[in-house]
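Trainee: Coordinates for the following, if possible.
(one chain, ligands or ions: 1)
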Amino acid sequence: MSDSTPQAPIVLREDTDGVAILSFNRPDRNNSWSVPMELEYYRLLRECADDPAVRVIVVTGAGRSFCPGMDTSALADQVADPTLTTEPHKRAPITTPRSIRKPIIAAINGACAGIGLIAAMNCDIRFLSSKAKVTCAFSQRGIMAEHGLAFTLPREIGTSRALDLLFSSRIVMGQEALDLGLVDRVYEPEELMPRTLEYARGLAANSSPVAMGVIKQQVYEALETTHEEARTMAIRWWYDTLRNHHDFKEGVTSYLEKRPPAFAPWDPATSTVPAPLPED
Ligand SMILES: C/C=C/C(=O)SCCNC(=O)CCNC(=O)[C@H](O)C(C)(C)COP(=O)(O)OP(=O)(O)OC[C@H]1O[C@@H](n2cnc3c(N)ncnc32)[C@H](O)[C@@H]1OP(=O)(O)O
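Mentor: Numbers count the residues shown, from 1 in each chain. Modelled structure (predicted):
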């Protein structure tokens, strides 16, 4: 499995107006997934998570492809020697993006398959180029639904639709991907990054970082709790974090003063688990 030279990082980071853009960059292998690329992707995600200047993260692919799955040469190596393993269970979980309390938007600019689709599904929101081909690919390679796709895909698009895509590995594009709920918006290729960045910059400028961070944690936790537990957690977040936060005051005051809000940078490490509700 070859990777780019040290002069060309295998994941690029570029920052603009509170938005960090991370781009998969293995041009010689069409941005297919490799363990070094995965490790660098997670390292950069953590770097962005800890950087108060970053309010929103965009994940995309350099060049024509997003990520067409595991590098087929690595798959071929495993076919030749089944004892070879990349031991994914010993690496950071591919769900890492969901634990980062900043919005992460996938801008799917081209081929998106296998673990590339899983990476996109672990982002919070997905925008798609109308020319990009999306496929699970696993059934056609003789592989099960990898890395928790059996969890995320049915929750996003429904059980029978997920099974259709997983059984058939058929290619989905544009309007169909939107209709399925696999992606949230579709743009012409030349519009994808400008429109994604317009949206991301809007979040960075107009939405409170602490509110977005808490909302993200609430929504993913609520996938695995009861309605009542989700309601209780909202109350705990209110008392513990938001009620006395600068951004609540600023959000209300700026509206009343008819001016744009100036929300404070937020360090997610300062607030992780809200305190229990006070006893009556
Ligand atoms: C643990 C995780 C496991 C997995 O992820 S298993 C799944 C592995 N992935 C796949 O099996 C997908 C294989 N690729 C495809 O089926 C297609 O691509 C797509 C449908 C995703 C996209 O189709 P299109 O946009 O028409 O691109 P194109 O012309 O098929 O490919 C362009 C170039 O990209 C190379 N490429 C595609 N996928 C991979 C890959 N996974 N690893 C390495 N190279 C890949 C091709 O060979 C070709 O190259 P050249 O232009 O030199 O002919």
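Trainee: need the residues of this protein near the ligand, please.
Mentor: Contact residues (C-beta under 6 Å from any ligand atom) of the chain with the ligand: 29-30, 32, 68-72, 111, 113-115, 133, 135, 137-138, 141, 143, 146, 171. To be clear about C-beta, it is placed using only N, CA and C from the backbone, and glycine gets the same treatment.
Trainee: let's see it at 8 Å
Mentor: For the chain, the residues found near the ligand under the criterion C-beta under 8 Å from any ligand atom are 29-30, 32-33, 64-65, 68-73, 75, 86, 88, 110-116, 118, 132-135, 137-138, 140-141, 143, 146-147, 171.
Trainee: For those residues, I'd like a selection string for ChimeraX - just the buried members, please.
Mentor: Buried residues among the residues of the chain next to the ligand (16 or more other C-beta atoms under 10 Å), as a ChimeraX selection:
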select :29,30,32,33,65,68,69,70,71,75,86,110,111,112,113,114,115,116,118,132,133,134,135,137,138,143,146,147,171
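Trainee: Any stretches of this structure with poor pLDDT?
Mentor: The chain contains residues with pLDDT under 70 at 1-7, 86-90, 271-280.
Trainee: show me where it has helices.
Mentor: In the chain, the helices defined using DSSP state H lie at 35-50, 72-80, 96-99, 115-121, 138-141, 149-157, 159-168, 174-180, 189-206, 209-222, 227-237, 246-256.
Trainee: Compare the ones you listed and report which one is nearest to L12.
Mentor: helix 35-50 (8.8 Å; C-beta to C-beta).
Trainee: Output the closest one as CSV, nothing but the C-alphas.
Mentor: In CSV, the C-alpha atoms belonging to helix 35-50 read as follows (Å, rounded to 0.1, in the frame of the first residue of the first chain):
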residue,chain,number,x,y,z
VAL,A,35,-4.2,3.0,7.9
PRO,A,36,-1.7,6.0,7.7
MET,A,37,-4.5,8.1,6.2
GLU,A,38,-6.9,7.1,8.9
LEU,A,39,-4.4,7.9,11.7
GLU,A,40,-3.7,11.3,10.2
TYR,A,41,-7.4,12.0,9.7
TYR,A,42,-8.1,11.3,13.4
ARG,A,43,-5.0,13.2,14.5
LEU,A,44,-6.3,16.3,12.6
LEU,A,45,-9.8,15.8,13.9
ARG,A,46,-8.5,15.9,17.4
GLU,A,47,-6.3,18.9,16.6
CYS,A,48,-9.4,20.7,15.3
ALA,A,49,-11.4,19.6,18.3
ASP,A,50,-8.9,21.2,20.7
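Trainee: which outside residues touch that helix?
Mentor: Residues from elsewhere that reach helix 35-50, judged by C-beta atoms under 8 Å, 6 or more residues apart in numbering: 1, 3, 9-11, 13, 20, 22, 24, 26, 54, 57, 86, 91-92, 94, 96-97, 100-102, 104, 119, 268-269.
Trainee: Tell me the buried residues in it?
Mentor: V35, M37, E38, E40, Y41, Y42, L44, L45, C48, A49.
Trainee: domain ranges for the protein?
Mentor: Listed by automatic domain parsing, the domain ranges of the chain are 11-204, 208-256.
Trainee: Identify the residue of the stretch 151-280 of the chain closest to the ligand, quick one.
Mentor: Nearest to the ligand, among the residues of the stretch 151-280 of the chain, is I171, at 5.5 Å (C-beta to the nearest ligand atom).
Trainee: give the contact list for that residue.
Mentor: By C-beta under 8 Å, 6+ apart, the contact set of I171 is K133, V134, T135.
Trainee: Would you confirm that T60 contacts G110?
Mentor: No: T60 is beyond contact range of G110, at 9.3 Å (criterion: C-beta atoms under 8 Å).
Trainee: so what's in contact with the two at the same time?
Mentor: F66.
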